[in-house]
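**Student:** I'll drop the sequence and a predicted model, then ask my questions.
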Amino acid sequence: MWYVIQTTSGEEQACLGVCRAKMNPSLYREMFVPLYIDKMHFRKQWHDVKKVLFPGYFFVDDIDEVAKELSHIDRLTKVLRNAEMVAPIRKEEQAFLQGMMNEEHIVECSKGFIIGDRVCITEGPLRNHYGFIRKVDRHRRIAKLEINFFGRMTPVEVGLEIVARLTEEQFEKLKKDRLETYECAGEKSIRIKSGVFAGMQGILLNTNEKKDEWRVRIELFEHPTEVVFSREEIEVS
């Protein structure tokens, strides 16, 4: 179970470092600041920059002894409570975060494109959570989400790179053109059964059965596009 500790916004990592330095590591298994990868352009290149997912907060997986030690920390720290009780975040909230973050508690940048008013995620943690997207900022390469967290609807930003934007008509024509020119060339071919790419063909690149991720190359735009599917979305030839 994960508990939330509040601190000063902008000092999450510094406060985390102080807590780790002053506390016996046997008091907890995990103490971390959830982060996300933001794509930022400087020095004429795009760079991956880690940013805090929830400004002003960090997480710990055990609270009883940790809460006692927090009183000795010379920085603002406060355990979030449900009324008067110290309580972990809800199971569904933790499951959502675990599905979004990697083992280092970082939300990687997702990729996708826009068809009309729809956002289509081709890979990354947003693939299974695109329903939470409220706005896409293509210039900043950011998706703005709204999730039920900390007992309220909470705005969150995560990285999202939009490869292209198409109208519904352009996308349907693109799919038709690619179907007419598709060649397998001896590689393992798959057919997409459902979703926005239904009816298209592709080449199976690799699989991660533990995560139910099947990476497929599709001839979609001017260059091959890699898309991640679940097993039930595809049919392997």
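**Tutor:** Good, I have the coordinates.

**Student:** quick one: the helices in this structure, in order.
**Tutor:** 12-22, 64-70, 91-100, 168-181 (DSSP state H).

**Student:** now do the first one: which elements does it pack against?
**Tutor:** If contacts are counted by 3 or more CB pairs under 8 Å, 6 or more residues apart in numbering; DSSP states H and E, helix 12-22 sits against strand 31-32, strand 57-60, helix 64-70. Quick note: C-beta positions are derived from backbone N, CA and C, even for glycine.

**Student:** equivalent analysis for the shortest one, please.
**Tutor:** Under the contact definition 3+ CB pairs under 8 Å, 6+ apart, helix 64-70 sits against helix 12-22, strand 78-79.

**Student:** let's see that with 7 Å instead.
**Tutor:** Applying 3 or more CB pairs under 7 Å, 6 or more residues apart in numbering; DSSP states H and E, one finds that helix 64-70 contacts no other helix or strand.

**Student:** need the contact list for the closest residue in space to M100 that isn't next to it in sequence.
**Tutor:** Nearest residue to M100, sequence neighbours excluded (CB to CB, 6 or more residues apart in numbering): P125, at 4.4 Å. Remark: with contacts taken as CB atoms under 7 Å, 6 or more residues apart in numbering, P125 is in contact with 100, 107-108, 110.

**Student:** give me that answer again for 6 Å
**Tutor:** Contacts for P125 (CB atoms under 6 Å, 6 or more residues apart in numbering) come out as 100, 107, 110.

**Student:** please name the bridge partners of L145.
**Tutor:** As for beta bridges, L145 partners with I133, V156 under DSSP bridges.

**Student:** quick check, it in contact with F132.
**Tutor:** Yes: with contact taken as CB atoms under 6 Å, L145 and F132 are classed as touching, separated by 4.3 Å.

**Student:** which one's more surrounded, those two?
**Tutor:** When L145 and F132 are compared for neighbours, L145 comes out ahead with 21 against 16, by other CB atoms under 10 Å.

**Student:** any figure for the gap between that one and G99?
**Tutor:** Distance of L145 to G99, given as CB to CB, to the nearest Å: 13 Å.

**Student:** pLDDT weak spots in this protein?
**Tutor:** The chain contains residues with pLDDT under 70 at 82-85, 179-187, 222.

**Student:** give me the residue at the spatial middle of the protein.
**Tutor:** P125 (3.4 Å; CA atoms, centre = their mean).

**Student:** for the contacts of P125, give me JSON lines that also has distance to H41 and neighbour count.
**Tutor:** Listed next are the contacts of P125 as JSON lines, based on distance: CB to CB, whole Å; neighbours: other CB atoms under 10 Å:
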{"residue": "M100", "distance to H41": "24", "neighbour count": "25"}
{"residue": "V107", "distance to H41": "20", "neighbour count": "24"}
{"residue": "S110", "distance to H41": "18", "neighbour count": "26"}
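
**Student:** I'd like these as a markdown table, with distance to R29 appended.
**Tutor:** Putting the contacts of P125 into a markdown table (distance: CB to CB, whole Å) gives the following:
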| residue | distance to R29 |
| --- | --- |
| M100 | 20 |
| V107 | 21 |
| S110 | 28 |
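
**Student:** let me know the closest of those residues to E209.
**Tutor:** Nearest to E209 out of these is M100 (CB to CB; 20.2 Å).

**Student:** these two touch, right, that closest one and V107?
**Tutor:** Yes: between M100 and V107 there is a contact under CB under 6 Å: 5.0 Å.
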